[in-house]
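**Student:** Sequence first, then the predicted structure:
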Amino acid sequence: ADERFDAIVVGAGPAGNSAAYTLAKGGLNVLQIERGEYSGAKNVQGAILYADALEKVIPDFREDAPLERHIIEQRIWMMDDTSHTGMHYRSDDFNEEKPNRYTIIRSQFDRWFNSRVRDAGATVLTETTVTELLRDSKGRVIGVLTDRQGGPILANVVVLAEGVNGLVGQRAGLREELKPKAVALAVKEMHFLPQETVESRFNISGDSGVVIEAMGTITKGMTGTGFIYTNRESIAIGIGCIVEDLARSGMTPYALLDAFKRHPSVAPLIAGSEVKEYAAHLIPEGGFNAMPEILGDGWVVVGDAAHLVNAVHREGSNLAMASGRIAAETIVWLKRRREDTTAENLAEYRRRLEDSFVLKDLRKYKKIPDLLHNNPQLLDLYPRVLSKAAQTWFRVDGVEKKAKEAEIVKSLRRERGLGGLIGDAMKFARAWR
Ligand code: FAD
């Protein structure tokens, strides 16, 4: 307990691993503490890995990281109860030497990432939970207490990468409790199928893959989305909704997932599969306005714990890795300048984050969470109307096309009214800017 570390990193998800790796590579004496049996043991994600964020930490990660499929096709589905209207983008350009997005299995991926952290020279303590932050008489964070015997562990700075619940930060009064409006509860299953079956059902081969993001009546008027991702020999399928909406509706995420799996557009994709894993996890989807304080004297917060998720683009792990790296680079920079880890100096982390895509994107979409929450028709009425319009349009039944057009316009006006339509368009445009 006499040793004083340059930095302690709490958590070994993408944010913590990225921070610990960067700190260790920067020559700092780092201790990383993870409560799981190993990094990734209980971590849940869809999961899409965005290569760019990892490449900035470990440029050669493709050599040995456990990757499932690189994504060549993105499908976006607007669903009603019996149909989906899809926007599919597929390109051979995604079959590039260094693919841009991959599906991964988090337990394997996190474990690999953490082995790289160890190789870089960090000390990693697993099966250990940080219970409290230690402060000096002036309130500055100087270390942590854990559930293991051995007393306090001291450090110049503590990097909180503890994920969405952020209990350590909360207990220390650095942040408020999570608001039910600002978090989604997502559930996910892994459906195993032979590799050839996955490939023929999704029209893919080799290690290319498809991802589907889905919205519409599958969330029963609540704010949320569903997803279907192809792994090598399995399909990950999940759905999530804002916790406040779930509480109000009394519906369980599992019932939603069950209905999603039974949807006629989805059922054939997973038919005959063996379900091997069921998991539930929170996602901080409140956006920029829900962010807690991210730094102070002797501490910084990164990843989900800092509420850094771009729900519109389904990005989280990349913001986690980017923020972990940027926080760590700031700490290394301060150390080289022999400057102290005071709040004033650590504010450089915030400045760098503001200059990066992380806070630029969160700022851009800061009005979207409230927009979706206050306008449930956006995720319910429009997919239904779109589906009806598509059916009217594509069904050949002797009705003249002009009459079909009129029917589509009439149905839009009947469902929402001209004022409602214009209002929604304006609200959407204002929030999107
Ligand atoms: P986490 O991954 O949650 O890691 C936190 C770590 O800290 C854990 O290992 C935990 O055990 C540990 N820990 C917590 N408290 C303590 C403590 N007191 N002491 C010691 N250790 C502690 N993002 C994407 O980019 N792409 C996707 O496809 C995607 N899909 C998702 C699908 C689902 C169903 C969910 C739930 C999330 C998804 N996300 C996705 C979001 C993504 O998973 C998160 O943004 C990302 O995991 C955040 O990383 P993190 O390191 O901040 O937190």
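**Tutor:** Yes, it's here. Numbers count the residues shown, from 1 in each chain.
**Student:** all contacts plus neighbour counts: C-alpha atoms, from now on.
**Tutor:** OK.
**Student:** Show me the residue at the heart of this protein, geometrically.
**Tutor:** Nearest to the geometric centre of the chain sits residue 316, at 3.0 Å (Cα atoms, centre = their mean).
**Student:** list the contacts for residue 91?
**Tutor:** Taking Cα atoms under 8 Å, 6 or more residues apart in numbering as the contact definition, residue 91 lies against 72-73.
**Student:** who's in contact with residue 72?
**Tutor:** Taking Cα under 8 Å, 6+ apart as the contact definition, residue 72 lies against 90-95, 208-210.
**Student:** From these, list just the buried residues.
**Tutor:** Using 16 or more other Cα atoms under 10 Å as the burial test, those include 94, 208-210 as buried.
**Student:** Dump those residues into a markdown table; add secondary structure and pLDDT as well.
**Tutor:** Shown next, in a markdown table, are the buried ones among the contacts of residue 72 (DSSP: H, G, I helix; E, B strand; the rest coil; pLDDT from 0 to 100):
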| residue | secondary structure | pLDDT |
| --- | --- | --- |
| 94 | helix | 97 |
| 208 | strand | 98 |
| 209 | strand | 98 |
| 210 | strand | 98 |
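**Student:** with those in mind, which one is nearest to the ligand?
**Tutor:** Of all the buried ones among the contacts of residue 72, the ligand sits closest to residue 210, with 12.2 Å by Cα to the nearest ligand atom.
**Student:** Tell me the bridge partners for the residue nearest to the closest one when sequence neighbours are not counted.
**Tutor:** Nearest non-adjacent residue to residue 210, counting by Cα to Cα, 6 or more residues apart in numbering: residue 73, 4.8 Å away. Listed beta-bridge partners, residue 73: residue 90, residue 210 (assigned using DSSP bridges).
**Student:** Residue 73: what's it in contact with?
**Tutor:** By Cα under 8 Å, 6+ apart, the contact set of residue 73 is 88-91, 209-211.
**Student:** ok, now residue 182?
**Tutor:** Applying Cα under 8 Å, 6+ apart to residue 182 gives the contacts 242-243, 284-287, 290.
**Student:** can you give me the strands for the stretch 51-200 of the chain?
**Tutor:** Counting by DSSP state E, counting those that start in this stretch, the stretch 51-200 of the chain has strands at residues 69-79, 84-90, 101-103, 123-125, 130-135, 141-146, 153-160, 183-192.
**Student:** Dump those strands into CSV; add distance to the ligand as well.
**Tutor:** Listed next are the strands of the stretch 51-200 of the chain as CSV, based on distance: least, Cα to the nearest ligand atom, whole Å:
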stretch, distance to the ligand
strand 69-79, 12
strand 84-90, 17
strand 101-103, 8
strand 123-125, 9
strand 130-135, 4
strand 141-146, 8
strand 153-160, 8
strand 183-192, 5
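**Student:** roughly how far is the longest helix along the chain from the heart of the chain?
**Tutor:** Longest helix in the chain, counting residues (DSSP state H): helix 401-432. Offset of helix 401-432 from its chain centre (Cα atoms, centre = their mean, to the nearest Å): 32 Å.
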